[in-house]
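Undergrad: Next comes the sequence, and after it the predicted model I'd like to discuss.
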Amino acid sequence: MTLDEIFEKMPSAVDPDGAAGVDAVVQFNASTPRYVTIADGAATVTDGTASDPTVTITMADDDMRDLLTGELDGMTAFMTGKVQLEGDMMFAQRLGSIFDINRAA
């Protein structure tokens, strides 16, 4: 699965229980910057750069793909320098409970 395919599937990969009460913007910086707005138990993906994201995740494309599909552990990625985070790091840790790309339609 490519990174583009993952972002296309993100809206259908939202776990409504995990996203309940969440109002946040996640900026994903890879070769093509995108941001995901999470609100009202749903997510929308937009190309470009958000003006005031809750958290910004910067990674190489392959590493980001592996992180989003669960092949790369977030803590391992952080500890080995494969991911750079800016903003609410505690929220970044919650992303795994909000999205499950492997169950997306």
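TA: On my side now, so go ahead. Residues are numbered from 1 along each chain as shown.
Undergrad: who's in contact with Met1?
TA: By C-beta atoms under 8 Å, 6 or more residues apart in numbering, the contact list for Met1 reads Arg65, Thr69, Ile101. For the C-beta atoms, the positions are set from N, CA and C on the backbone; glycine is no exception.
Undergrad: now with 7 Å?
TA: Thr69 (C-beta atoms under 7 Å, 6 or more residues apart in numbering).
Undergrad: if I look at it, how far off is Gly70?
TA: Computed with C-beta to C-beta, to the nearest Å, the distance linking Met1 and Gly70 is 11 Å.
Undergrad: quick one, strands of the protein?
TA: 24-29, 34-39, 42-47, 55-58, 84-87 (DSSP state E).
Undergrad: wait, which of those strands is closest to Val14?
TA: strand 42-47 (4.9 Å; C-beta to C-beta).
Undergrad: Show me what counts as buried in the closest one.
TA: Within strand 42-47, the residues that qualify as buried are Ala43, Val45, counting by 16 or more other C-beta atoms under 10 Å.
Undergrad: how about that strand as PDB, C-alpha atoms only?
TA: This file holds the C-alpha atoms of strand 42-47, laid out as PDB (Å, rounded to 0.1, in the frame of the first residue of the first chain):
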ATOM      1  CA  ALA A  42     -14.800  11.700  11.600                       C
ATOM      2  CA  ALA A  43     -11.700  12.700   9.700                       C
ATOM      3  CA  THR A  44     -10.900  14.600   6.500                       C
ATOM      4  CA  VAL A  45      -7.600  14.700   4.700                       C
ATOM      5  CA  THR A  46      -6.400  17.900   3.000                       C
ATOM      6  CA  ASP A  47      -3.300  18.400   0.900                       C
END
